[in-house]
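> Return a 3D structure for these sequence lines:
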Amino acid sequence: MLMATRQAQRSTIGISSVRSLRVQTIVALILAIILPALVYFEGNTVQIVRSHTAFNTLLGASIATFAAYFMADRVTAFPGKGQLSYILPTYGISYALVAAVILLGRIPYSAGILLINFAATTGVQILVSAVAERQIGYRVFVAPGGRVEQLEAVDGLDTTLLTSASVPRSKRAILVADLHFDHSDEWERAIAEATLHGIPVYHYKQVLETLTGKVRIEHMSENTFGSLLPSLNYARTKRAADIILTLLILPILALPMALVALAIRLESSGPAFFLQLRMGHRGVPFKVIKFRTMRCEDPTKMADARDAAMTKKDDDRITRLGRFLRRSRIDELPQLINVLKGEMSWIGPRPEAIALSEWYESELPFYSYRHIVRPGITGWAQVNQGHVTNLDDISAKLQYDFFYIKNFPYWLDLLIVFRTVLVMLNGYGAK
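Residues are numbered from 1 along each chain as shown. Sure thing, here's the model as predicted:
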């Protein structure tokens, strides 16, 4: 009975609902596009339609606004910052794509009006979203029993532990329970009645995954075929996108990368590039290519391979230029060669040095499962956690990797791209 109460829909805990985001977008469309156009043309809609330039521009702005809503709706479904953080990137991408279509199609339009529409819709959306995020969210009630105490470790989640088998019938109530726990008959009836009265009921692990962006595998039964198997169709599409994007970007970056290589050679003796054997897709080792950011050392004076592979905080092996390259993630650019060779992807779990990978695999259950997808230049764990090496942090990193593998759509990749840009700007997690 309890298993039947699971909800397949996306959790609404801690994130803005789709309905709220849709309303915000409609308000932005009316206030920033439709209303100004009606005022400018004095309410004469016929004149708007007859003016091809104005009509095409307003239509393009409307399409861009709805595209931005669709994009924001998808990326805010995942844990992380609120929708306010993604308004500017989503609107920027949407309007840029619309402008590209207009230019390629040589469609008459007004660049000035389109820019005004972009600024107005973005501004209104930010204002409306800021007001919406201050509203009271859902009330989360927890049924006692099982492992629900793990919810206490989630930052920002305000829960109410129920002491009797009665769920408050509020429109904004949510019930969370350990649906694998053998509840009493009284609690089973209470959970079933909550579902019948339209109160969403969630398994506690579903809530943990939704709010933390982590997936923990505790038993072999949780790793059944299909439960964490990434989409093969998307994997093929992603591989094609990796190749196309790399072929487009590599010629543009060739000269800057050559200058970086020259600067490395001038600053310290040794090669410009650093090659290291790392664990790759399906557990096949490969040589990763990066810009060298450390001084070259005599191999006979180095510690064991595992210690040498670890980058410590304020590591004195890192050069002055190398510290900048690491902070900005520019040292990762040569890995585009690995992407072309099929050894890596733009986005995926970060590949670890062989010595570290073997150590982690011996200490952490299911660690090798992260190799089911191609390793990436950036990834879900990187934008959430940064560079880590100790076992406790690696355990958390592994849960981020499992979340990425389980939620393998392109919208999560798009979210990672947004957050990677922020990481490159603020240097989060670099060592």
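
> where does the chain dip in pLDDT?
1-21, 80-84, 132-137, 219-229, 298-308, 312, 428-431 (pLDDT under 70).

> Can you pull the domain assignment for it?
Following automatic domain parsing, one finds the domains of the chain at 18-132, 136-212, 232-426.

> As JSON lines, the ones you listed with distance to residue 218 would be great.
In short, each C-beta sits where N, CA and C put it, glycine included. Below are the domains of the chain laid out as JSON lines (distance: least, CB to CB, whole Å):
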{"stretch": "domain 18-132", "distance to residue 218": "20"}
{"stretch": "domain 136-212", "distance to residue 218": "9"}
{"stretch": "domain 232-426", "distance to residue 218": "8"}
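
> Pipe these into CSV and attach mean neighbour count per row.
Output for those, formatted as CSV (neighbours: other CB atoms under 10 Å):
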stretch, mean neighbour count
domain 18-132, 17
domain 136-212, 16
domain 232-426, 17
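
> ok, and what's touching stretch 89-103?
The contact list for stretch 89-103, computed with CB atoms under 8 Å, 6 or more residues apart in numbering, reads 56, 60-61, 63-65, 67-68, 71-72, 75, 107, 109, 114, 117-118, 121-122, 125, 418, 421.

> What about the residues you listed, which are in helices?
Mapping those onto helices (DSSP state H) picks out 56, 60-61, 63-65, 67-68, 71-72, 75, 114, 117-118, 121-122, 125, 418, 421.

> residue contacts, the residue lying closest to residue 125 once chain neighbours are set aside?
Nearest non-adjacent residue to residue 125, counting by CB to CB, 6 or more residues apart in numbering: residue 28, 4.4 Å away. With contact set as CB under 8 Å, 6+ apart, residue 28 has these partners: 65, 121, 124, 125, 128.

> next one: residue 22
Residue 22 neighbours (CB under 8 Å, 6+ apart): 69, 73.

> now the strands for the chain?
139-142, 159-161, 173-177, 201-203, 273-279, 285-291, 345-347, 376-378 (DSSP state E).

> other SSEs contacting the second one?
Packing partners of strand 159-161 (3 or more CB pairs under 8 Å, 6 or more residues apart in numbering; DSSP states H and E): strand 139-142.

> Distance from the strand it packs on to the middle of the chain?
From the chain centre to the centre of strand 139-142 is a distance of 26 Å (CA atoms, centre = their mean, to the nearest Å).

> That strand: partners in the sheet, and parallel or antiparallel?
Using DSSP bridges, the strands paired with strand 139-142 are strand 159-161 (parallel), strand 173-177 (parallel).

> Need the CA coordinates for that strand. CSV is fine.
The C-alpha coordinates for strand 139-142 follow below in CSV (Å, rounded to 0.1, in the frame of the first residue of the first chain):
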residue,chain,number,x,y,z
ARG,A,139,5.1,22.9,4.9
VAL,A,140,6.9,19.6,5.1
PHE,A,141,5.5,17.0,7.6
VAL,A,142,7.5,13.9,8.4
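
> who touches that strand?
13, 148, 151, 157-162, 167-168, 170, 172-177, 204, 207.

> and with 6 Å instead?
148, 159, 160, 161, 162, 167, 172, 173, 174, 175, 176 (CB atoms under 6 Å, 6 or more residues apart in numbering).

> again with stretch 60-74
With CB under 6 Å, 6+ apart as the criterion, stretch 60-74 contacts 18, 21, 25, 29, 33, 83, 86, 90-91, 94-95, 98, 102, 117, 121, 411.

> run the last query once more with 8 Å
Contacts for stretch 60-74 (CB under 8 Å, 6+ apart): 18, 21-22, 25, 28-29, 32-33, 83, 86-87, 90-91, 93-95, 97-99, 101-102, 109, 113-114, 117-118, 121, 125, 409, 411, 414.

> What distance do you get for residue 353 to residue 401?
Using CB to CB, to the nearest Å, residue 353 is found at 16 Å from residue 401.

> Equivalent analysis for residue 265, please.
Distance from residue 265 to residue 401, by CB to CB: 35 Å.

> Could you do residue 99 as well?
37 Å.

> likewise residue 141?
32 Å.

> now for the helix ranked longest in the chain, which elements pack on it?
The residue-count maximum for a helix in the chain (DSSP H) belongs to helix 232-267. Where contact means 3+ CB pairs under 8 Å, 6+ apart, helix 232-267 is packed against strand 285-291, helix 320-328, helix 336-340, strand 345-347, helix 410-426.

> just so I know, which of the ones you listed lies nearest residue 48?
helix 410-426 (33.5 Å; CB to CB).

> Show me the contact partners of the closest one.
71, 74-75, 77-78, 80-81, 85-86, 89, 234, 237-238, 328-329, 346-347, 378-380, 382-383, 386, 404, 428-429.

> Just give the closest residue to residue 181, not the sequence neighbours.
Per CB to CB, 6+ apart, closest to residue 181 is residue 146, 3.1 Å.

> circling back: let me have the strands paired with strand 139-142 in TSV, adding distance to residue 45 as columns.
Formatted as TSV, the strands paired with strand 139-142 follow (distance: least, CB to CB, whole Å):
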stretch	distance to residue 45
strand 159-161	51
strand 173-177	44
